[in-house]
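Participant: My questions concern the predicted model and sequence given below.
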Amino acid sequence: MKIPFTLCILFFSHLAFSANCPPILDRTITTLQGEKINLCQYAGKPILVVNTASKCGYTPQFEQLENMYGKYQTQGLLVLGFPSNDFNQELTNNGEIAKFCKLTYKVKFPMSEPSKVTGKDASAFYKVLAKTTGVEPQWNFHKYLIAPDGKTIYSFPSEVEPDNPAILNKVVEMLK
């Protein structure tokens with residue numbers, strides 16, 4: 001059987017791409033709109049991961065997250081939201097969540113489909129984040145900052161706002 005040349009190129013380019021991808025990023029997420037995003041494309045860049053909820057007292061942090069994304073996206077920062085109803089404060093479907101985020105806070109950073117972020121049913125991504133840092137989200141808007149090396153991960157509780165120097169200084173340093 002003859003394999004088309006373009007398939008060979010795609011296969012081997014994926015292997016090369018995966019070889020440079022830290023294990024934590026070697027995954028694909030699905031956005032609220034159904035788009036697939038391979039996180040390997042962000043290898044070597046800082047990623048701020050946040051579990052979100054539309055009906056939480058910390059929901060106004062969406063504005064700071066979007067401001068941070070707007071300011072540093074072109075320098076390589078990815079802000080990535082993970083809606084979760086683990087704390088019973090999220091809307092019921094992808095469309096409602098996407099509409100709320102866009103209309104209320106003008107969110108443009110990628111938002112995954114809703115997922116579990118705590119306990120034995122947490123998504124594989126969140127299990128790795130919690131295991132690496134030793135900290136599982138205790139509430140909505142818990143933040144993990146993945147350093148460009150893909151190995152160093154910082155954890156910030158919900159009350160630490162995105163523009164807090166503890167996060168912002170690390171992000172700016174990682175972008176240099």
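Facilitator: Happy to help now that I have it.
Participant: Run a quick neighbour tally on residue 174.
Facilitator: 20 (other Cβ atoms under 10 Å). C-betas here are computed from N, CA, C, even on glycine.
Participant: ditto for residue 95
Facilitator: There are 11 residues near residue 95, going by other Cβ under 10 Å.
Participant: again with residue 28
Facilitator: 9.
Participant: now swap in the one 5 residues further on and tell me
Facilitator: By other Cβ under 10 Å, 11 other residues sit near residue 33.
Participant: That one and residue 45, how far apart?
Facilitator: 22 Å (Cβ to Cβ, to the nearest Å).
Participant: ok, then the element right after the helix or strand containing residue 68?
Facilitator: Per DSSP states H and E: residue 68 is located in helix 61-72. Later in the chain than helix 61-72, the nearest helix or strand by DSSP H and E is strand 78-83.
Participant: helices or strands up against that following strand?
Facilitator: strand 47-52, helix 61-72 (3 or more Cβ pairs under 8 Å, 6 or more residues apart in numbering; DSSP states H and E).
Participant: Now for the most centrally placed residue in the chain: which residues touch it?
Facilitator: Nearest to the geometric centre of the chain sits residue 80, at 2.9 Å (Cα atoms, centre = their mean). If a contact means Cβ atoms under 8 Å, 6 or more residues apart in numbering, then residue 80 has 29, 47, 48, 49, 50, 109, 110, 111, 112 as its contacts.
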